[in-house]
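# Fold the following, please.
(one chain, ligands or ions: 2)
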Amino acid sequence: QFVSLRQRILSAVQKNATRGDPRSVIRAIDQFCSQKEWAMNVGNEKGCILDSVVSEVNPATVLELGTYCGYSTVRIASLLPPYAKFITLEFNPDFAAVARQVIAWAGLEDKVQLVEGASSDWIPKIKEQFGIKTFDLVFLDHWKEHYLSDTKLMEECGLLRKGSVLLADNVICPGAPDYVEYVRSSPRYKSHYFRSHLEYTKAEENLWYLGIIE
Ligand SMILES: O=C(NCCCCCn1ccc2cnccc21)c1cc(-c2ccc(F)cc2)cc(O)c1O
Ligand SMILES: [Mg+2]
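Residues are numbered from 1 along each chain as shown. Ligands and ions are numbered 1, 2, ... in the order given. Now for the predicted structure:
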């Protein structure tokens, strides 16, 4: 009977990764996606850039938009200090169900809150629902056409402060041109991009790093 790609990714984790070992979970997913089937995890090349940004920012509060199977969620959660608050938002309930199990296999279920729903619905509710004032780091990896509107929404809701860092996946492929245009021309942001490749391919890609300067 048909087994979905996300279920095959979860099975690869449960078969090849050690419970409670986040690095083995990451390795199991990357091996599956490079050797068996492509999937839209951020992947290891961009994942190392993500790791370095998380380590440098050392955030007390993190928002991830786009959990998918939990690959980047596990990478981020495994680097956070114990007091950190980490919220990851997933629209698709089937993806969220798999991500919960991947995060649990890594032993990180206490480090992250997975919330199901749309960013435009949830962003205005985060302050009161989770007692978070502002985010030190936001990782954008959801609908590419919502990167700009959600960044503006986060600004309007007072969720970003001077020094907040936004890191955006896929600004080239599939692309978020209006987002790039807006942040590059805005005096509020200092932007920088990390050259990389689309996960598990040789196609060029950038991770777009944004520092809020005022
Ligand atoms: O589409 C991508 N991701 C988004 C998936 C849907 C997110 C839904 N969602 C989650 C939270 C949430 C909250 N609010 C609203 C909606 C929300 C994506 C695609 C590619 C890709 C695909 C084909 C190809 F040929 C090349 C590249 C590569 C990536 O790395 C990607 O990330
Ligand atoms: Mg992505």
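# who's in contact with the least confident helix or strand in the chain by mean pLDDT?
When the helices and strands of the chain are compared on mean pLDDT, DSSP states H and E, strand 204-212 comes out lowest with a mean of 88. Outside of strand 204-212, the residues within contact range by Cβ atoms under 8 Å, 6 or more residues apart in numbering are 46, 49-50, 53, 160-173, 176, 179-180, 183, 188-198. In short, each C-beta sits where N, CA and C put it, glycine included.
# could you redo the last one with a cut-off of 6 Å?
Applying Cβ atoms under 6 Å, 6 or more residues apart in numbering, the contact partners of strand 204-212 are 46, 49, 160, 162, 164-168, 171-173, 183, 189-194, 196-198.
# Without its sequence neighbours, what residue ends up closest to Val42?
Ser72 (4.6 Å; Cβ to Cβ, 6 or more residues apart in numbering).
# Surely that neighbour is in a strand?
No: according to DSSP: H, G, I helix; E, B strand; the rest coil, the state of Ser72 is helix, so it is not within a strand.
# Which pLDDT value does the model give it?
Predicted confidence (pLDDT) for Ser72: 98.
# one step back: now the contacts of strand 204-212: which count as buried?
Taking 16 or more other Cβ atoms under 10 Å as the criterion, what is buried in those is 46, 49, 160, 164-168, 171-172, 183, 189, 191, 193-194, 196-198.
# Now for Pro124, how many residues are close by?
15 (other Cβ atoms under 10 Å).
# That one is in contact with Cys157, isn't it?
Yes: using Cβ atoms under 6 Å, Pro124 makes contact with Cys157 at a distance of 5.5 Å.
# Number of residues surrounding Ile132?
Ile132, neighbours per other Cβ under 10 Å, totals 16.
# Roughly how far does it sit from ligand 2?
23 Å (Cβ to the ion, to the nearest Å).
# can you narrow the buried ones among the contacts of strand 204-212 to ones near ligand 1?
Of the residues in the buried ones among the contacts of strand 204-212, proximity to ligand 1 by Cβ under 6 Å from any ligand atom holds for Leu198.
# So which of the buried ones among the contacts of strand 204-212 are in strands?
Val165, Leu166, Leu167, Ala168, Tyr189, Ser191, Tyr193, Phe194, Ser196, His197 (DSSP state E).
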